[in-house]
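S.K.: Below is the sequence, then the predicted model.
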Amino acid sequence: MFRLRSILVFLVLFKSFGSIIGEEEEKIEEFSEALLLRPLPDRKVLAHFHFESKVPPTATHGSHHHLFPKSIYQLVHKYRVQEMELSFTQGRWNYGRWGGYDPISSRNAKPPGVELWATFDVPQHQVDACWRNLTHALSGLFCASINFLESSTAYSAPKWSFKSFAANIRYGTLHREAVCTENLTPWLKLLPCRDKAGLSALMDRPSIYRGFYHSQRLHLVSNEFDLTAASSGMVLEQTLTVVLQPVTLGSGMVSSLGLIQQPSWSLSSLFGREVSGRCVLSNASNIYVQLEPNLVSELMTTSETQQQSDVENLMSQAWSDMSFEMSDSPVRLIEEVYGFQKESSLLYEFSLANYSDSRPFNLEFRWKRPVTWSSQLAPLQASRFLMGSGNERGAIAISLKSVGRSGYAESSVNQEGRCSLRVDVFQVVPWYVKVYYHTLKVFLDERLHNLADVIERINVSPSEDKVSPGLMEIALRLPCDVQLVILTLEFDKGFLHIDEYPPDANQGFDIPSALVRFPEIKTKIHLFEDKCVCKSPILSKLQEESPVLWYTEVLLVPLTTPDFSMPYNVITITCTVFALYFGSLLNALRRRIEEEERLLKSKDTNASGLIGMLLSKLSAKLRGKALEPPSLPLSSKVSYRLILRVILVAGIAAAWQYFFG
């Protein structure tokens, strides 16, 4: 009896102790998930998944974790990574139609292929070694060719384009890397619930990869190695940004006035499935529907039944009496406080806490009438193109065209009262494109300007053949009323070894996208100060200031390519001549003429037999002549001809080697 009581007491204490530990661990580690949906002006829908994992510092809470992925934790501590960003992108972000002046486009619009940059807390001479090891580890983790970035010709060391305070930073891109499900599956395995529950269950592979744009991003921040400041551990942010064409719900897409109506959509029509509840390990699981400021302004100006004072009452529900309606009522409405626009953006929040497998969540968004609007654009629209012709010389041109917005000018007035706009241009050029940086020219409104009047600072690292690429960072100070800015750089096209050409060399060679950055123009969503808002990581990210970024196109440069069929022809004819030569020579040397004659005689004798001999003797007696031996075959004559032929072939081969070898 005493033993039974002691066992029960031990079990009760162990259970209470385990519950205390579980509560502490829940307080220590945090994980949240969110999905933001936004209608786009070109009849598409933007879906932005946001997952965030936080873990406390190892020095105070140990190295054992329940939610944070162990593979990422080991990478941080093995290679001492301070900050890292990795993105896999398929397609190109359309800045003109999908927007270029909002937090999502500035942070999640990435160049095609793979982009990786990282900072390390190691001495300067160990940065390259840590970078190579990190690329190999990420390559195996995400089933990609990231290990190709280990070569010194594939990465560079920028100074201020990504992290101005970081000296140990490396940057590399693989613009031809194909993005597929083999990259998405390891990315999903980093989540606590993977793709089995929560919002990640919406990531149906056919639905995701049929989109016009797809970008999965991983951003890591760690300050565990900072001994001067209080360490806050590690924060892992995973985002997936997809632009989808929704399947139309309802009947008709054209109004009575002949205007094209925006397509209605639902979660099942976008992703092919519904949400069966939240991830049980997440602290928050929400879905947001965002209306852009220009869309809100358009809806307000076209509404004739309601006044401006009744805006909040109309927005608190689903706008069932206006331009659209939603199948479910939102938990709350989040409105932007202020901005450059006449109207502010709106966020409808839906919580997944009350949904399960028996009651799935399938939000429907239906348009009632045609609505047209345009997305917010960056101060300058950037594009890049090639000039020149031929396979010897050329020029790279970067064009910056004004969008005619006055709000940006008001925020860029300096102390002297003059309005100016700061623009940073970051560009990496492969070593076989030999850029002459002294030929840099800047044209403002088609007029050539002195570089000293326009450029604040510049960082140039010329390329070295087969060692390192060329790097250029330029900080421009432009007047706000400028309409067109063009930067030109001349270059020569280099020559590659035959082993350095890829299999599709005739297609051309790519120059990675250039990055245009507006460091003084910040973008964020101004929301009301609310405790509930601060608890949502995606809303906290939308409220953080970030500079406006713009990635240009990938340039395709045709280089001088050898005729790869010519070596094949030379190899073929050489092998044919040698085969004839050695074959005939060996045949002549190995053949024995006397043995062949005796063999032929024996064959003739055996074939004729006894009857043949008797007939020949009888014929000789009748003619009164002696019996003659059988005549020799013509093999001797043939052998002499064969020897002459071999000598002729040998002479031709010797002449060929003498004149063409």
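M.R.: Cool, the structure landed. Residues are numbered from 1 along each chain as shown.
S.K.: What ranges does the stretch 201-350 of the chain have for its strands?
M.R.: 213-222, 234-244, 265-266, 284-291, 324-326, 332-335, 346-351 (DSSP state E, counting those that start in this stretch).
S.K.: Dump these to JSON lines, plus distance to I28.
M.R.: Where C-beta positions appear, they are placed from N, C-alpha and C, glycine not excepted. Output for the strands of the stretch 201-350 of the chain, formatted as JSON lines (distance: least, CB to CB, whole Å):
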{"stretch": "strand 213-222", "distance to I28": "16"}
{"stretch": "strand 234-244", "distance to I28": "12"}
{"stretch": "strand 265-266", "distance to I28": "38"}
{"stretch": "strand 284-291", "distance to I28": "16"}
{"stretch": "strand 324-326", "distance to I28": "37"}
{"stretch": "strand 332-335", "distance to I28": "29"}
{"stretch": "strand 346-351", "distance to I28": "24"}
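S.K.: These: which one's closest to Q657?
M.R.: strand 213-222 (57.6 Å; CB to CB).
S.K.: Throw the strands of the stretch 201-350 of the chain into CSV and include mean neighbour count, thanks.
M.R.: As requested, the strands of the stretch 201-350 of the chain are exported to CSV (neighbours: other CB atoms under 10 Å):
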stretch, mean neighbour count
strand 213-222, 21
strand 234-244, 22
strand 265-266, 20
strand 284-291, 22
strand 324-326, 18
strand 332-335, 16
strand 346-351, 21
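S.K.: Nearest to R80, out of these?
M.R.: Using CB to CB, the strands of the stretch 201-350 of the chain put strand 213-222 closest to R80, at 8.9 Å.
S.K.: Pairing partners for the closest one, with directions?
M.R.: Looking at strand 213-222 with DSSP bridges, its partner strands are strand 81-90 (antiparallel), strand 234-244 (antiparallel).
S.K.: how far is that strand from where the chain is centred?
M.R.: 11 Å (CA atoms, centre = their mean, to the nearest Å).
S.K.: just stretch 469-479 next, same as before
M.R.: Centre to centre, stretch against its chain (CA atoms, centre = their mean), the figure for stretch 469-479 is 24 Å.
S.K.: Now do it, average pLDDT.
M.R.: Stretch 469-479 comes out with an average pLDDT of 93.
S.K.: same deal with stretch 503-516?
M.R.: 90.
S.K.: quick one on the thing from earlier: kindly reformat the strands of the stretch 201-350 of the chain as CSV containing distance to I104 and mean pLDDT.
M.R.: Output for the strands of the stretch 201-350 of the chain, formatted as CSV (distance: least, CB to CB, whole Å; pLDDT from 0 to 100):
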stretch, distance to I104, mean pLDDT
strand 213-222, 11, 95
strand 234-244, 7, 95
strand 265-266, 18, 93
strand 284-291, 9, 94
strand 324-326, 21, 89
strand 332-335, 15, 87
strand 346-351, 12, 92
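S.K.: Can you tell me which of the ones you listed is nearest to T60?
M.R.: With CB to CB as the yardstick, what comes closest out of these is strand 234-244 (13.0 Å).
S.K.: send the alpha carbons of the closest one over as CSV?
M.R.: What follows is strand 234-244, C-alpha atoms only, in CSV (Å, rounded to 0.1, in the frame of the first residue of the first chain):
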residue,chain,number,x,y,z
MET,A,234,16.8,33.7,-33.5
VAL,A,235,13.9,34.7,-35.7
LEU,A,236,13.0,32.7,-38.8
GLU,A,237,10.6,34.2,-41.3
GLN,A,238,9.2,32.1,-44.1
THR,A,239,7.1,33.7,-46.8
LEU,A,240,5.5,32.3,-50.0
THR,A,241,4.2,34.9,-52.4
VAL,A,242,2.0,33.7,-55.3
VAL,A,243,0.1,35.5,-58.0
LEU,A,244,-2.9,33.3,-59.2
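S.K.: Need the strands paired with strand 213-222 in JSON lines (columns: distance to L648).
M.R.: Shown next, in JSON lines, are those (distance: least, CB to CB, whole Å):
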{"stretch": "strand 81-90", "distance to L648": "63"}
{"stretch": "strand 234-244", "distance to L648": "72"}
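S.K.: out of the strands of the stretch 201-350 of the chain, which comes closest to K401?
M.R.: strand 213-222 (22.2 Å).
S.K.: what's the domain layout of the chain?
M.R.: Using the TED database, the domain parsing of the chain gives 33-248+259-298+320-365, 378-555.
S.K.: Determine which stretch of these is the most buried.
M.R.: domain 33-248+259-298+320-365 (a mean of 19; mean count of other CB atoms under 10 Å).
S.K.: how long is that domain from one end to the other?
M.R.: 21 Å (CA to CA, to the nearest Å).
S.K.: residues in contact with V371?
M.R.: Q262, L295, E298, L299, T302, S323 (CB atoms under 8 Å, 6 or more residues apart in numbering).
S.K.: Among the residues you listed, which pair sits farthest apart?
M.R.: Of all the pairs that those form, the one spanning the most space (CB to CB) is Q262 and T302, at 13.3 Å.
S.K.: where do the helices sit along the stretch 501-650 of the chain?
M.R.: 531-535, 537-543, 565-590, 593-623, 635-660 (DSSP state H, counting those that start in this stretch).
S.K.: Of those helices, which shows the lowest average pLDDT?
M.R.: Minimum mean pLDDT among the helices of the stretch 501-650 of the chain: helix 531-535, a mean of 57.
S.K.: measure stretch 141-151 end to end?
M.R.: Using CA to CA, the end-to-end distance of stretch 141-151 comes to 19 Å.
S.K.: let me fix that: stretch 368-384
M.R.: Distance between the two ends of stretch 368-384: 40 Å, counting by CA to CA.
S.K.: what's the offset of it from the middle of its chain?
M.R.: Using CA atoms, centre = their mean, the offset of stretch 368-384 from its chain centre is 24 Å.
S.K.: E115 - that's part of a strand, no?
M.R.: Yes - counting by DSSP: H, G, I helix; E, B strand; the rest coil, E115 is located in a strand.
S.K.: Who are the contact partners of the residue minimising distance to the centre of the chain?
M.R.: Centroid check for the chain by CA atoms, centre = their mean gives G113 as the closest residue, at 2.4 Å. Contacts here follow CB under 8 Å, 6+ apart; on that basis G113 touches F88, T89, T173, L174, H175, R176, E177, V179.
S.K.: Swap in 10 Å and give it another go.
M.R.: For G113, the residues meeting the contact criterion (CB atoms under 10 Å, 6 or more residues apart in numbering) are 87-90, 144-145, 173-179, 510, 512-513, 554.
S.K.: try L149
M.R.: Neighbours of L149 in contact, by CB under 10 Å, 6+ apart: 114, 116, 131-132, 134-136, 138-139, 155, 170-174.
S.K.: now swap in L589 and tell me
M.R.: I643, V646.
S.K.: Report pLDDT for the closest residue to I486 other than its chain neighbours.
M.R.: The shortest distance from I486 to any non-neighbouring residue, by CB to CB, 6 or more residues apart in numbering, is to F443 (4.3 Å). On pLDDT, F443 comes in at 95.
S.K.: Now do the contacts for F443.
M.R.: So F443 contacts A397, S399, H449, V454, L484, V485, I486, L487, T488 (CB under 10 Å, 6+ apart).
S.K.: Now the fourth one, what are its backbone angles?
M.R.: Here is the backbone geometry of V454 (degrees, to the nearest 10): phi -110, psi -40.
S.K.: That one: what's it in contact with?
M.R.: Residues in contact with V454 (CB under 10 Å, 6+ apart) are V423, V442, F443, L444, I474, A475, L476, R477, L478, P479, V485, L487.
S.K.: Please tell me how far it sits from S329.
M.R.: As defined by CB to CB, to the nearest Å, V454 lies at a distance of 54 Å from S329.
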